[in-house]
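Show me the folded form of this:
(one chain, ligands or ions: 2)
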Amino acid sequence: MATENKNLSEYDKATIPNAKSLRFGIVVSEWNPTITEGLFKGAYDALVDCGALPQNIIRWDVPGSFELVYGAKKMLKTHELDAIITIGCVIQGETKHFDFVCSGVTQGVMDLNLQNDVPVIFCVLTDNTLQQSIDRSGGKHGNKGTEAAIAAIKMAVLGL
Ligand SMILES: Nc1c(NC[C@H](O)[C@H](O)[C@H](O)CO)[nH]c(=O)[nH]c1=O
Ligand SMILES: CC(=O)[C@@H](O)COP(=O)(O)O
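Ligands and ions are numbered 1, 2, ... in the order given. Okay, here's the model as predicted:
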């Protein structure tokens, strides 16, 4: 199902574990800040709506999506967390740089999940246009940050 057929912000709290005892890290890319701030708000608000305590949500900012992986790796080493959300917005430009940034952050986040016991959630938009990013960060398709927060809660308690 494509995003256009699913609202990213919809969730049923009755199906979400209470997050009051969970600790979250959120690493946010500074590229396309209007978009990434919208994604962060979606994630933060959903975590709190599901019971997470503000003092248990740590935010670090990094220059771009390519740095999300190092930021999450360093956060894992310095904090005891139950899940990390990486937030970025990569928009196609004139060159192939888009391809390498997207593949790098995608593989890097996957590697962190394979190498550690803390789930790292991939909340990185990889869009063709700014409008697609607007639509997925609180626009007509909802907010991928909200979706990422729900994934973070579910993965934090997986197997418990
Ligand atoms: N073009 C975008 C970038 N590019 C910057 C890289 O992420 C990285 O910071 C740089 O190559 C230095 O290592 N980053 C985004 O997050 N979004 C873009 O659209
Ligand atoms: C994803 C990028 O790095 C890209 O937006 C940069 O734009 P360009 O490919 O025109 O240099």
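
Just give me the neighbour total for the residue in the chain that ligand 2 sits nearest to.
With C-beta to the nearest ligand atom, the shortest gap between the chain and ligand 2 falls at Gly93, namely 2.2 Å. For the C-beta atoms, the positions are set from N, CA and C on the backbone; glycine is no exception. Gly93 sits with 9 neighbouring residues when counted by other C-beta atoms under 10 Å.

roughly how far apart are the nearest residue to Thr3 once chain neighbours are set aside and Glu147?
Taking C-beta to C-beta, 6 or more residues apart in numbering as the measure, Thr3 lies nearest to His141, with 5.1 Å between them; neighbours along the chain are not counted. Using C-beta to C-beta, to the nearest Å, we find His141 at a distance of 10 Å from Glu147.

Same question for Val62.
Distance of Val62 to Glu147, given as C-beta to C-beta: 21 Å.

So which of these two has more stuff around it?
In this view Val62 and Glu147 are compared by other C-beta under 10 Å, and Glu147 has more residues nearby, 24 against 21.
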